[in-house]
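Asks: below is the structure, and that's it, no one-letter string:
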């Protein structure tokens, strides 16, 4: 297997991968800030879950993942064959 350098600025990282990596960040940051500021952990985690929930909502409803062209063409071909 040969490594290639992509012309895409993010390399081979896809949008779903970025979304998955962005979910725990606000929760972890709010937990650390809550400990440093002396807030209750339940309050700081609740505050951090709001932006994480927004990321999940964005990923599910605004820009949902779609099938790749290969999967779509296989489905289309198999449905034509059953006619």
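Replies: Thanks, I have the structure now. Here the structure is a predicted model, which means the values were calculated and not measured.
Asks: from here on, just use CA atoms for contacts and neighbour counts.
Replies: Fine.
Asks: check which helix or strand residue 34 maps to.
Replies: Secondary structure from DSSP states H and E places residue 34 in helix 24-37.
Asks: next, the buried residues of that helix.
Replies: Under the neighbour-count criterion of 16 or more other C-alpha atoms under 10 Å, helix 24-37 has 26, 27, 30, 31, 32, 33, 34 buried.
Asks: nearest to residue 51 among these?
Replies: For the buried residues of helix 24-37, the minimum distance to residue 51 (C-alpha to C-alpha) is 6.5 Å, reached by residue 26.
Asks: which residues does the closest one contact?
Replies: 48, 49, 51, 52 (C-alpha atoms under 8 Å, 6 or more residues apart in numbering).
Asks: save those as JSON lines, and put in neighbour count too.
Replies: Shown next, in JSON lines, are those (neighbours: other C-alpha atoms under 10 Å):
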{"residue": "48", "neighbour count": "22"}
{"residue": "49", "neighbour count": "19"}
{"residue": "51", "neighbour count": "17"}
{"residue": "52", "neighbour count": "19"}
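Asks: now, these that are in helices?
Replies: Within the contacts of residue 26, residues falling in helices by DSSP state H are 48, 49, 51, 52.
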